[in-house]
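Visitor: Build me a model:
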Amino acid sequence: MKKILLASKVVLGAGIVLLSLNSCKNEAKQEDPKEVAEDQNEAKFDSIDSKEDDSEFLVDAAEINLAEIEIGKLAQTKSTNPEVKKFGKMLVDEHTKSTADVKAIADKRNFSLPTSITEEGKDEYDKLNEKTGVDFDKKFADMMVDGHEKAIDKFTKASETANDAEIKAWASKNVVALTAHLQHAKQLKEALDKK
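Guide: Here you go, the predicted model:
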């Protein structure tokens with residue numbers, strides 16, 4: 001009788017372990033905000049390629065803005081270098097304004113945008129947040145140079161190929177601002193590399 005009881009406890013225990021493992025696997029992983037926005041736009045504009053392409057650009061622009069704002073805030077709080085703090089504030093101010101512009105343009109066209117930092121943006125933020133002192137400042141400057149070069153490529157392409165005239169003009173106008181940010185980031189990087 002003791003053997004039967006012991007065997008049933010083992011089987012019952014194994015069943016509970018399997019149940020708990022299955023319930024962990026079935027937990028819904030929060031989707032990346034960029035993917036959600038892209039999926040919504042694709043569903044709305046699947047038959048209209050020109051709108052889908054323009055919506056993808058605005059999703060990218062929103063993603064860039066959200067990441068730059070969070071990284072700018074981090075630079076203001078974590079850096080001890082006045083130039084890094086100043087650059088961080090400029091990022092927050094200018095990318096917050098750009099976020100409002102993107103939202104206004106997207107709302108007029110019924111495009112969905114990400115509303116929070118994406119997984120990729122969060123990963124970059126976390127890598128930067130691990131650094132301290134001069135290492136933080138140098139990593140920040142490297143990220144700003146790299147990020148703005150990529151953003152300029154996306155905005156330049158949209159300024160040439162966007163189907164919507166307003167989106168094309170907005171992208172073109174922002175290439176100038178992003179180029180100024182890039183030059184500032186390069187100067188900052190140069191100064192920090194000497195330390």
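Visitor: only C-alpha atoms for contact and neighbour calcs from this point on.
Guide: Noted.
Visitor: Hmm, Thr96 is touching Glu63, no?
Guide: No. With contact defined as C-alpha atoms under 8 Å, Thr96 does not reach Glu63; the gap is 11.9 Å.
Visitor: The two: who's more crowded?
Guide: A direct count of neighbours by other C-alpha atoms under 10 Å for Thr96 and Glu63 places Glu63 higher, at 22 against 17.
Visitor: can you give me how far the helix or strand containing Glu120 is from the chain middle?
Guide: Using DSSP states H and E, Glu120 maps to helix 119-129. Here helix 119-129 is found 9 Å from its chain centre; the criterion is C-alpha atoms, centre = their mean, to the nearest Å.
Visitor: Packing partners of that helix?
Guide: If contacts are counted by 3 or more C-alpha pairs under 8 Å, 6 or more residues apart in numbering; DSSP states H and E, helix 119-129 sits against helix 49-78, helix 133-161.
Visitor: which residues make contact with that helix from outside it?
Guide: 32, 63, 67, 70-71, 74, 136, 139-140 (C-alpha atoms under 8 Å, 6 or more residues apart in numbering).
Visitor: likewise stretch 180-195?
Guide: Residues contacting stretch 180-195 (C-alpha under 8 Å, 6+ apart): 83-84, 134, 137-138, 141-142, 144-145, 148-149.
Visitor: same thing but at 6 Å, please
Guide: Stretch 180-195 has contacts (C-alpha atoms under 6 Å, 6 or more residues apart in numbering) with 141, 144-145, 148.
Visitor: Can you tell me which of those lies closest to Asp164?
Guide: Set against Asp164, the nearest of those by C-alpha to C-alpha is His148 (23.5 Å).
Visitor: Now for the closest one, how many residues are close by?
Guide: The number of residues packed near His148 is 21, by other C-alpha under 10 Å.
Visitor: same thing with Glu160?
Guide: Close neighbours of Glu160, defined as other C-alpha under 10 Å, add up to 12.
Visitor: Give me the pLDDT for it.
Guide: Note for Glu160: predicted pLDDT of 95.
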